[in-house]
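give me coordinates for this.
(one chain, ligands or ions: 1)
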Amino acid sequence: MTDYALLAEQVRSLAEEDAGWIALLANTTALVMDALPDLNWAGFYLARDATDGSSELVVGPFQGRLACARIPFGRGVCGRAAATGETIVVPDVHAFPGHIACDSMSVAEIVVPSHLDGHVVAVLDVDSPVLGRFSSADRDGLERLVSVLEDVAQRSVLG
Ligand code: SME
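Down below sits the predicted model:
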């Protein structure tokens, strides 16, 4: 079992280093990869305006195999979570219409959006090669972790 309370505390401590967002997200990714068993990919996609004025996600700090660099809001699991602002837990990616297969090892996935001032600014994406890998405890725990990041962003500790 993952100790999500500890994980949240570790992320809070990392934020105190005041090393900037990329450093915090990179080290958070490393903590997630270490703390959760049976993962093959973990990381962040960051929201930005695309050249046509729509919103898209661009890959940020991650651990795992080569990832899709750009995902339009609404597409795949990440894009859907970004567009709706809600966490999505996918027990079997093959049963998720529009799933974007970056790593063929991925079978289960959870995507947790992160908000700032009412907008989705990033998503945490975690993939597993194990069917049905993510429980409601994982969902609650990862949402808690993302809420720590949201707190940090709200307090504008980092530049
Ligand atoms: N599977 C994701 C794409 C990102 S990779 O898993 C890293 C999706 O459908 O949005």
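
can you report how many residues neighbour the residue in the chain positioned nearest to the ligand?
Proximity to the ligand, evaluated over the chain using C-beta to the nearest ligand atom, is greatest for Gly76 at 2.8 Å. All C-beta atoms are positioned from the backbone trio N, CA, C, and that covers glycine. Look at Gly76: counted by other C-beta atoms under 10 Å, it has 25 neighbours.

up against the ligand, what does this protein have?
By the rule C-beta under 6 Å from any ligand atom, the part of the chain lying against the ligand is 41, 67-68, 71, 76-79, 99-100, 102, 106, 109, 125, 127.

among the residues you listed, which one has the most neighbours?
In terms of neighbours by other C-beta under 10 Å, these top out with Asp125 at 29 neighbours.

hang on, that residue in a helix?
No - per DSSP: H, G, I helix; E, B strand; the rest coil, Asp125 lies outside any helix segment and is strand.

pLDDT wise, what is it at?
The model reports Asp125 with a pLDDT of 98.

beta partners for it?
Note on Asp125: beta-bridge partners by DSSP bridges are Gly43, Val111.

tell me which residues touch it, please.
Asp125 makes contacts with 41-45, 62, 77-78, 109-111, as judged by C-beta atoms under 8 Å, 6 or more residues apart in numbering.

format these as TSV; extra columns: pLDDT.
Shown next, in TSV, are these (pLDDT from 0 to 100):
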residue	pLDDT
Trp41	98
Ala42	98
Gly43	98
Phe44	98
Tyr45	98
Phe62	98
Val77	98
Cys78	98
Glu109	98
Ile110	98
Val111	98
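
what kind of secondary structure is Val130 in?
Val130 - assigned by three-state DSSP - is coil.

ok, back up a step: quick one: contacts for the residue of the chain closest to the ligand?
Shown in contact with Gly76 (C-beta under 8 Å, 6+ apart): 68, 98-100.

got a pLDDT number for it?
At Gly76, the pLDDT value in this model is 97.

where does the chain dip in pLDDT?
Along the chain, the model assigns pLDDT under 70 to residues 156-159.

helix or strand: which one has the residue lying farthest from the centre of it?
In the chain, counting by C-alpha atoms, centre = their mean, Asp52 sits farthest out from the average C-alpha position, at 24.7 Å. For Asp52, there is no enclosing helix or strand under DSSP states H and E.
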